[in-house]
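Novice: pasting the sequence and the predicted coordinates here, then a few questions.
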Amino acid sequence: MKYKKGILLVFVFLLGCSDQKIIEKTGFVRSIAYDVANNKEGDDLIKLTISIPKSNEKEALIYSTNAKTSREARMIFDRQNNRKIVNGQVRQVLFGDKFAKKGIWKHIDALVRDPSVGNRLHVLVVEESANKLLSRTYPQGQTVGEYIDDLIRTEANTNDIPFTNLYSFARDYYDDGTDPVCAIINETKDSLIIDGIALFRNDQYVAKIKPEDKMFFALLHDNLGSGNIYMDLSEIDQNPNEQAALLYISSKRKIHIVSSPDTLLHGGKLMVSIDINIIGSLLEYSGELNMKNNADQKELESKMSALVEKKSLELVDIMKKNKVDPLGIGQYARNIIPYSEWLKLPQRSILSDADYTIHAKVKIKDFGRLQQ
């Protein structure tokens, strides 16, 4: 009996050693980048780049190749190194902007179907070349994958950008009442920067929200529990030096379909009303109003509300022009009619021709540092 127990213990130790050898020979991909291949053979080739962190976590192995499919590229990578490449630790999939404009679903779908890929994977669009961005080193001292991961999580936690992971993108792609979005990332001389929000029509990147407008988009896109917003009030006033900064904001967005079901079913115009209620702390104000005066406080709130309405309508115009629905207006419209009838309607045309009314209300709950 003791002899059998001894054999069992030896067998367990051997299994442990075997697992250790497998891990040592495994290359855990942290980032995947897709670009259009500059190849004369045709536009069907993709340029695929992967980043595998080294054990010191400050350097990474970069592999890049042109191939017809992701699987073909992976087979090429397998022949280039002595590690078994796996996706279990992948954290970002990056798409160059030219590549994303052609459609990215088949590559997203391949990752969704991979059981080793978790929901921590971020979907990102890169201005110009994703390969170039992934191949650079930055003075922050991390691998590019770690740097991107920290940057995206920090921005998403303050609601500056929508938190788009693999499964939220797939969910919105499959939903016929909304469209996916994701953050756009770009290079500077010494760092990376969030450079706006990508709007998709189905799986094609068709429009961009500028970085200075991304917080106004966030107010339209969802309810916010935290965040900061800078407002240049000169856009609605004659005073060129009037600015305000709201911190620790929370907001609630309500969407109402004003049109009746019969109006939609008989080809009438879709009428949409959006209410946005915002409350936050006024950290800084530069202008002629006196924040110790209640009347001036109300006037400032009114100005900020007007600016939110103006910027929101400008963003809605971008969405209508490009026939995209990142706000999920289609979800509300289809809920007032039978789903079978919704499927028969020209949904994109209805949404792009819709009339929007936006009501914003800003409330200042307290005051920080003010400049008179």
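Specialist: Structure received. Residues are numbered from 1 along each chain as shown.

Novice: partner residues bridging Ala198?
Specialist: Beta bridges link Ala198 to Cys182, Lys208, judged by DSSP bridges.

Novice: looks like it contacts Tyr205 (just checking).
Specialist: Yes. Using CB atoms under 8 Å, Ala198 is in contact with Tyr205, at 5.1 Å. C-beta here means a position set from N, CA and C on the backbone, and glycine is covered the same way.

Novice: mutual contacts of those two, please.
Specialist: Ala100, Val125 (CB atoms under 8 Å, 6 or more residues apart in numbering).

Novice: residues contacting Glu59?
Specialist: Glu59 is in contact with Pro53, Thr143, counting by CB under 8 Å, 6+ apart.

Novice: state the pLDDT value of it.
Specialist: According to the prediction, Glu59 has pLDDT 79.

Novice: on that earlier part again, and Ala198 and Tyr205? Which one has more around it.
Specialist: With neighbours defined as other CB atoms under 10 Å, Ala198 and Tyr205 compare such that Ala198 has more, 27 against 24.

Novice: gap between that one and Arg30?
Specialist: Applying CB to CB, to the nearest Å, the value for Ala198 to Arg30 is 22 Å.

Novice: and Ile337, by the same measure?
Specialist: Applying CB to CB, the value for Ile337 to Arg30 is 46 Å.

Novice: which one of these two is surrounded by more residues?
Specialist: Remark: of Ile337 and Arg30, Arg30 carries more neighbours, 23 against 18, as counted by other CB under 10 Å.

Novice: wait, that one touches Gln92, no?
Specialist: Yes. Using CB under 8 Å, Arg30 is in contact with Gln92, at 7.5 Å.

Novice: between these two, which contacts overlap?
Specialist: Common contact partners of Arg30 and Gln92 (CB under 8 Å, 6+ apart): Gly145.

Novice: send me stretch 170-180 as CSV with only the CA atoms.
Specialist: Output of stretch 170-180 as CSV, limited to C-alpha atoms (Å, rounded to 0.1, in the frame of the first residue of the first chain):
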residue,chain,number,x,y,z
ALA,A,170,-20.3,41.5,-30.6
ARG,A,171,-23.6,42.2,-28.7
ASP,A,172,-24.1,45.5,-30.3
TYR,A,173,-23.1,44.1,-33.7
TYR,A,174,-25.8,41.4,-33.5
ASP,A,175,-28.5,43.8,-32.1
ASP,A,176,-30.5,45.3,-35.0
GLY,A,177,-31.4,48.3,-32.8
THR,A,178,-27.9,49.8,-32.2
ASP,A,179,-24.4,49.9,-33.6
PRO,A,180,-21.0,49.3,-31.9
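
Novice: what residues does that stretch touch?
Specialist: Residues outside stretch 170-180 that contact it (CB under 8 Å, 6+ apart): 105, 108-109, 112, 123, 164, 168-169, 181, 199-203, 324-334, 342-343, 347.

Novice: quick check: next helix or strand after the biggest helix by length in the chain?
Specialist: Criterion DSSP state H: the longest helix present in the chain is helix 294-321. Counting by DSSP states H and E, the next helix or strand C-terminal to helix 294-321 is helix 329-334.

Novice: name the helices or strands packed onto that next one?
Specialist: Secondary-structure packing of helix 329-334 (3 or more CB pairs under 8 Å, 6 or more residues apart in numbering; DSSP states H and E): strand 243-257, helix 347-352.

Novice: in the last one, which residues are buried?
Specialist: Read it as helix 347-352. Within helix 347-352, the residues scored as buried using 16 or more other CB atoms under 10 Å are Gln347, Arg348, Ile350, Leu351, Ser352.

Novice: in this structure the fourth one contacts Gly330, no?
Specialist: Yes. With the criterion set as CB under 8 Å, Leu351 and Gly330 qualify as a contacting pair; they are 6.2 Å apart.
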